[in-house]
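Engineer: Predicted model and sequence below, questions to follow.
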Amino acid sequence: ASLFLPVGVEMRSRHAKSGLHTLEFANEIIERSTKWTIPTILLAIISAPFFFRLCFPSYHIDSNLLAATLLGIAFYPFLTVLGNLMIIRKKFILYIFFVIMGLLTSSVSAWLIDKLSPTYGAAYGQVIGIMIYAILLFWKTSDFSDEIYKKIWQKKAKALAALYMFSGLVVVAEIYFGGI
């Protein structure tokens, strides 16, 4: 998350000049970071158990829990950039509402999953809450009326859809096939 601190500062600077420049910058940041996020998370999910066994041989690392935790990180580019757009556009109340909805979704999901599999409730509940939070932010920040904004945001819809598909495939691989 701290990697995106300068992004927020730059977005505010660009917004003072032009809303379009802000959106183009947001688009570029999400596009560039998503290209690296998915392969990095996949590599981390595959290699982390090996490194944990190597560095901490007495620890028991559950790959499902590790995968769920790492999947949440994959959504950070969307959460930070789109969250900044909400703040810049002075949608504070709605932004806080989305945060609360993500937390509530996370809690309810964790509780429901915990009923089926007590070990994984919190981890997968967290990922589900983050996914809901990301889609709410995307939905609200894609409601610009200008055609140029809509074209920019259509690219982000594809990136977010790819991230959801990636997350779903990882979860299926972890739960049903015992890992990637």
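Structural biologist: Thanks, I have it.
Engineer: going forward, measure contacts between C-alpha atoms and count neighbours the same way
Structural biologist: Will do.
Engineer: list the buried ones in stretch 70-85?
Structural biologist: Residues 70-85 are the ones in stretch 70-85 that count as buried (16 or more other C-alpha atoms under 10 Å).
Engineer: Out of those, list just those in helices.
Structural biologist: If you go by DSSP state H, the buried residues of stretch 70-85 have 70-74, 76-85 in helices.
Engineer: May I ask which two of those are separated the most?
Structural biologist: Spatial extent of those (C-alpha to C-alpha) is set by the pair 70 and 85 at 24.4 Å.
Engineer: which phi and psi does the residue most central in space within the chain have?
Structural biologist: In the chain, the centroid-proximal residue (C-alpha atoms, centre = their mean) is residue 75; its distance is 1.3 Å. Phi and psi for residue 75, reported as degrees, to the nearest 10, are phi -90, psi -10.
Engineer: residue contacts, it?
Structural biologist: Neighbouring residues of residue 75 by C-alpha atoms under 8 Å, 6 or more residues apart in numbering: 130, 131, 134, 163.
Engineer: From what I see, residue 111 and residue 123 are in contact.
Structural biologist: No. Checked against C-alpha atoms under 8 Å, the pair residue 111 and residue 123 is beyond contact range at 10.9 Å.
Engineer: between the two, which one's more packed in?
Structural biologist: residue 123 (23 against 16; other C-alpha atoms under 10 Å).
Engineer: From residue 129, how far out is that one?
Structural biologist: From residue 123 over to residue 129 the distance is 10 Å, taken as C-alpha to C-alpha, to the nearest Å.
Engineer: Kindly report the same for residue 95.
Structural biologist: 15 Å.
Engineer: more neighbours, these two?
Structural biologist: residue 129 (24 against 21).
Engineer: Look up the closest residue to that one, ignoring the ones flanking it.
Structural biologist: Of all residues not flanking residue 129 in the chain, residue 106 sits nearest, at 3.9 Å (C-alpha to C-alpha, 6 or more residues apart in numbering).
Engineer: What separation do you get for the residue nearest to the centre of the chain and residue 129?
Structural biologist: For residue 75, the distance to residue 129 - C-alpha to C-alpha - is 11 Å.
Engineer: cool, residue 43 as well?
Structural biologist: Distance of residue 43 to residue 129, computed by C-alpha to C-alpha: 23 Å.
Engineer: Next, the distance between the ends of stretch 55-67.
Structural biologist: End-to-end distance (C-alpha to C-alpha), stretch 55-67: 18 Å.
Engineer: Helices along the chain, start to end?
Structural biologist: Along the chain, the stretches classed as helices by DSSP H are 5-17, 19-55, 63-74, 76-88, 92-116, 121-141, 147-177.
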